[in-house]
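Novice: Next comes the sequence, and after it the predicted model I'd like to discuss.
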Amino acid sequence: MSGQTMAVRKRRIALAVIAAAQFMVIMDTSIIGVALPEMQRDLGFAAQDLSWVFNAYVVAFGGLLLLGGRLSDLFGARRMFATGWTVLGAGSLLAGLAGNVAVELTGRAVQGAGAALIAPAALTLLITIFGHDPREMTKALALYGAAAPAGGTAGVFLGGVITEYLSWPWVFFINLPLVIAVLMVTPKVMPAGASRRGNLDVAGALTVTLGLGAVVFAVVRAPDSGWSASTLAAGAVGLLLLAVFVVLQAQRRDPLMRLSIFRAPNLAAANTAQLLLGAAWIPMFFFLNLYLQQVLGLGAFASGAALLPLTVTIMIGMIAIAPRLIAAFGPKAMTVAGLATLAGGLLWLSFIRSEGSFVADVLPASLLTAAGMAMAFIPSLGLALSAAAPEDGGLASGIVNTSYQIGSALGLAAVAAVAASQGGDRLGDLGALTDGFSAAFLVAAGIALVGAVLAVVTLRSAGRPAPAAEEDSAEAGVSAPASGGA
């Protein structure tokens with residue numbers, strides 16, 4: 001086998017491992033859904049606390065992403081990638097062995113912390129391995145993006161199968177073989193990367209982690225507990241800590257996040273697009289699942305099967321179609337078109353009926369939303385990553401991951417509040433539930449439409465490449481910064 005063939009094979013394996021990371025991070029948010037009733041019975045969860053099996057993961061993940069990105073820049077992406085998998089494995093083992101509520105939630109938080117190390121490091125490695133070739137970079141981003149819906153759907157299926165035929169701890173133990181395989185393969189296929197000299201901004205790390213954690217805590221708590229005094233206090237403290245973080249970053253010589261990074265063309269605009277994309281997409285997925293189960297009467301496993309056409313459409317769109325469209329029309333146009341298409345699909349979904357059916361009320365509209373997500377995700381992600389210099393790859397990855405996660409949490413909280421106000425919490429009343437879910441889809445459509453308008457106004461079109469590089473650059477849809485990084 002020639003050296004060139006070996007190098008290509010090594011890069012393919014590396015891409016598979018990076019896609020597995022995205023798959024795992026998303027799967028761990030969805031796999032527990034079907035297992036929750038058994039966990040509640042065995043561990044003694046109170047009904048109002050059961051959602052924290054999910055929320056503990058989300059709070060830790062969202063709160064630690066920026067720190068994970070900075071650590072990746074300082075200590076090397078490969079090292080932090082492996083560290084993140086180790087932490088995720090430890091959290092999975094702890095969550096599976098838990099005998100009480102406190103240990104279970106601790107294990108979920110540790111899983112979230114591991115995911116917060118993995119996600120930015122994975123994107124940094126993607127840039128390092130494929131960033132020199134715009135065409136390959138776009139293909140790599142497509143596979144990375146497609147791994148997310150695959151992980152979400154696989155989580156629903158696996159959760160149902162494992163809970164029915166094994167027991168709930170195995171929804172966590174299933175992670176361990178993949179963790180071991182990734183840790184064995186990573187040193188062989190991932191570039192070592194260079195560690196950077198610099199100090200870790202401890203005060204900045206604490207304020208942004210606690211601030212983001214408090215804001216996410218307030219947001220994910222609000223749908224269950226309402227905007228009570230304690231919820232509002234947590235949100236206010238989080239915002240205050242984030243304000244302190246910004247002040248510290250402006251004053252430090254070696255900050256956790258250089259504020260000047262946002263001067264890079266398209267960085268702030270692309271992150272805004274990612275934030276609003278998450279704020280529209282995650283509520284859609286959440287309430288569509290509820291409509292299938294609570295109104296149409298499908299079981300959890302059957303509702304997962306009903307979402308398969310949507311998942312397949314996204315995967316095909318991201319891998320086979322979106323790169324060609326980006327080549328033809330450019331990343332800005334595709335981000336705008338994708339968000340507008342998502343808004344159209346969500347508007348269509350808002351016409352659901354209490355006596356409706358999957359084929360008439362869900363399938364065509366959900367496929368349109370899937371097409372919009374497939375068109376918008378890759379170009380907006382690529383623009384956000386390519387805006388930063390290579391030495392800030394981990395930070396840029398942390399920022400874009402944080403934008404999407406915070407957008408998802410904020411969007412779900414806001415849309416859930418609207419749905420509840422319109423009857424979306426009246427179990428057993430199919431008419432009220434449908435009205436609430438319809439309102440949820442309508443608000444999500446508005447969020448996506450705002451994203452499309454902002455993308456038109458704020459995103460810059462990529463400049464025309466030099467003639468010799470025109471074909472490759474056009475096909476990529478990911479503009480490299482002036483420094484040459486991706």
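Specialist: Nice, I can see it.
Novice: what stretches of the stretch 301-450 of the chain score poorly on pLDDT?
Specialist: Along the stretch 301-450 of the chain, the parts satisfying pLDDT under 70 run over 301, 388-394.
Novice: Check the offset of the helix or strand harbouring Asp435 from the chain's centre.
Specialist: Element membership for Asp435 (DSSP states H and E) is helix 430-458. Its chain's C-alpha centre and that of helix 430-458 lie 19 Å apart, by Cα atoms, centre = their mean, to the nearest Å.
Novice: That one - contacts with which helices or strands?
Specialist: For helix 430-458, the packing partners by 3 or more Cβ pairs under 8 Å, 6 or more residues apart in numbering; DSSP states H and E come out as helix 267-290, helix 331-349, helix 363-386, helix 393-421. C-betas here are computed from N, CA, C, even on glycine.
Novice: Which strands or helices does the second one pack on?
Specialist: The contact analysis (3+ Cβ pairs under 8 Å, 6+ apart) places helix 331-349 against helix 267-290, helix 322-329, helix 363-386, helix 430-458.
Novice: do the longest one as well
Specialist: Contact here means 3+ Cβ pairs under 8 Å, 6+ apart; on that basis helix 393-421 packs against helix 52-75, helix 77-97, helix 101-130, helix 202-225, helix 267-290, helix 363-386, helix 430-458.
Novice: on that earlier part again, report the buried residues of the helix holding Asp435.
Specialist: By neighbour count with 16 or more other Cβ atoms under 10 Å, helix 430-458 contains the buried residues 430, 432-445, 447-452, 454-455.
Novice: Also stretch 259-269?
Specialist: So for stretch 259-269, counting by 16+ other Cβ under 10 Å, buried means 261, 264-269.
Novice: Which helix in this structure has the most residues?
Specialist: helix 134-165 (DSSP state H).
Novice: what angle sits between it and helix 331-349?
Specialist: Relative orientation of helix 134-165 versus helix 331-349 (axes from the mean of the first three to the mean of the last three Cα atoms, to 10 degrees): 30 degrees.
Novice: returning to what we had before: same list (the buried residues of stretch 259-269) but as JSON lines, adding pLDDT and distance to Gly411.
Specialist: Shown next, in JSON lines, are these (pLDDT from 0 to 100; distance: Cβ to Cβ, whole Å):
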{"residue": "Ile261", "pLDDT": "74", "distance to Gly411": "25"}
{"residue": "Ala264", "pLDDT": "72", "distance to Gly411": "25"}
{"residue": "Pro265", "pLDDT": "75", "distance to Gly411": "26"}
{"residue": "Asn266", "pLDDT": "80", "distance to Gly411": "22"}
{"residue": "Leu267", "pLDDT": "83", "distance to Gly411": "21"}
{"residue": "Ala268", "pLDDT": "85", "distance to Gly411": "19"}
{"residue": "Ala269", "pLDDT": "89", "distance to Gly411": "18"}
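Novice: quick one: which of those is nearest Ala222?
Specialist: The shortest approach to Ala222 among the buried residues of stretch 259-269 belongs to Ala268, at 26.5 Å (Cβ to Cβ).
Novice: Let me see the contact set for the closest one.
Specialist: With contact taken as Cβ atoms under 8 Å, 6 or more residues apart in numbering, Ala268 is in contact with 262, 458.
Novice: so how far is Gln274 from it?
Specialist: 11 Å (Cβ to Cβ, to the nearest Å).
Novice: and if you look at Ala102?
Specialist: 34 Å.
Novice: Give me the neighbour count for Ala115.
Specialist: Other residues near Ala115 come to 30 when the count uses other Cβ atoms under 10 Å.
Novice: What of Gly151?
Specialist: Counted with other Cβ under 10 Å, Gly151 comes out at 24.
Novice: so it touches Ala19, yeah?
Specialist: No - between Gly151 and Ala19 there is no contact under Cβ atoms under 8 Å: 9.4 Å.
Novice: where in the stretch 101-250 of the chain is pLDDT low?
Specialist: 131, 160, 164, 193-199, 223-226.
Novice: coming back round to it: higher neighbour count, Ala102 and Gln274?
Specialist: Gln274 (28 against 10).
Novice: dump the residue contacts of the more buried one.
Specialist: 380-381, 384, 400, 403-404, 407.
Novice: Turn these into TSV, columns for neighbour count and distance to Pro169.
Specialist: Shown next, in TSV, are the contacts of Gln274 (neighbours: other Cβ atoms under 10 Å; distance: Cβ to Cβ, whole Å):
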residue	neighbour count	distance to Pro169
Ser380	33	38
Leu381	27	34
Ala384	28	37
Val400	29	34
Ser403	25	34
Tyr404	28	30
Gly407	24	32
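Novice: Go through the residues you listed and name the one nearest Tyr144.
Specialist: For the contacts of Gln274, the nearest to Tyr144 is Leu381 (8.3 Å; Cβ to Cβ).
Novice: Was I right to think Thr335 contacts Leu381?
Specialist: No - the pair Thr335 / Leu381 is not scored as a contact, 9.5 Å apart, by Cβ under 8 Å.
Novice: got any residues that touch both of these two?
Specialist: Ala270.
Novice: how about the longest helix of the chain: buried residues?
Specialist: Applying 16+ other Cβ under 10 Å to helix 134-165 flags 134-160, 162-163 as buried.
Novice: That helix to helix 363-386, inter-axis angle?
Specialist: 130 degrees.
Novice: contact partners of the next helix or strand after helix 134-165?
Specialist: Remark: after helix 134-165, the chain's next helix or strand is helix 170-173, criterion DSSP H and E. For helix 170-173, contacts defined as Cβ under 8 Å, 6+ apart pick out 31-32, 35, 92-93, 95-96, 107, 111, 158-159, 162-163.
Novice: what's the neighbour count on Val244?
Specialist: For Val244, using other Cβ under 10 Å, the count is 17.
Novice: Please identify which of the contacts of helix 170-173 is nearest to Leu71.
Specialist: Leu71 has its nearest neighbour among the contacts of helix 170-173 in Gln111, at 17.5 Å by Cβ to Cβ.
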